[in-house]
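Colleague: Sequence and predicted model, in that order:
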Amino acid sequence: MADNPNFPIGTAAINWIDGGGQVHIRVYTTDGYTVRERCWDGNGWTDGSFSQAGAQVSATCWMSGGNLSIRVYCNFQDETTEWCIDQGGSWYQGAYTTT
């Protein structure tokens, strides 16, 4: 774990371009305990709504029919949890399970 709990020790980043040509970036960092989200939507960095337990993190996103889907995978205490958000919705726990 990190010597200072405020220092990130793991990072995942995703990006997409919306229909108007605006670049969007999401960065997910972990301090070894909690994964948090930072957002860039063309007007500076802001804190996102995502915050879940995680010692490691990975993420992916895709556009389908103009709608965005994001998946964040948090590893914590020997388990991986999938967190999902789809265009216009809220974060929810996905169906992915470790084998």
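Modeller: Looks like it arrived, so ask away.
Colleague: give me every residue that touches Cys39.
Modeller: Cys39 makes contact with 24-27, 45-48 under the criterion Cβ atoms under 8 Å, 6 or more residues apart in numbering. C-betas here are computed from N, CA, C, even on glycine.
Colleague: Among those, list the two that are farthest apart in space.
Modeller: Between all members of these, the longest pairwise span (Cβ to Cβ) is found for His24 and Asp47 and amounts to 15.0 Å.
Colleague: Of these two, which one has the most company?
Modeller: When His24 and Asp47 are compared for neighbours, His24 comes out ahead with 15 against 10, by other Cβ atoms under 10 Å.
Colleague: What's the first helix or strand after the helix or strand that one falls within?
Modeller: When elements are defined using DSSP states H and E, His24 is found to belong to strand 23-30. Once strand 23-30 ends, the next helix or strand along the chain (criterion: DSSP H and E) is strand 34-40.
Colleague: What residues sit buried inside that following strand?
Modeller: 35-39 (16 or more other Cβ atoms under 10 Å).
Colleague: who touches Gly54 in this structure?
Modeller: 10, 30, 33-35, 74-76, 81.
Colleague: what does Glu37 give?
Modeller: Applying Cβ under 8 Å, 6+ apart, the residues contacting Glu37 are 26-28, 47-51, 72.
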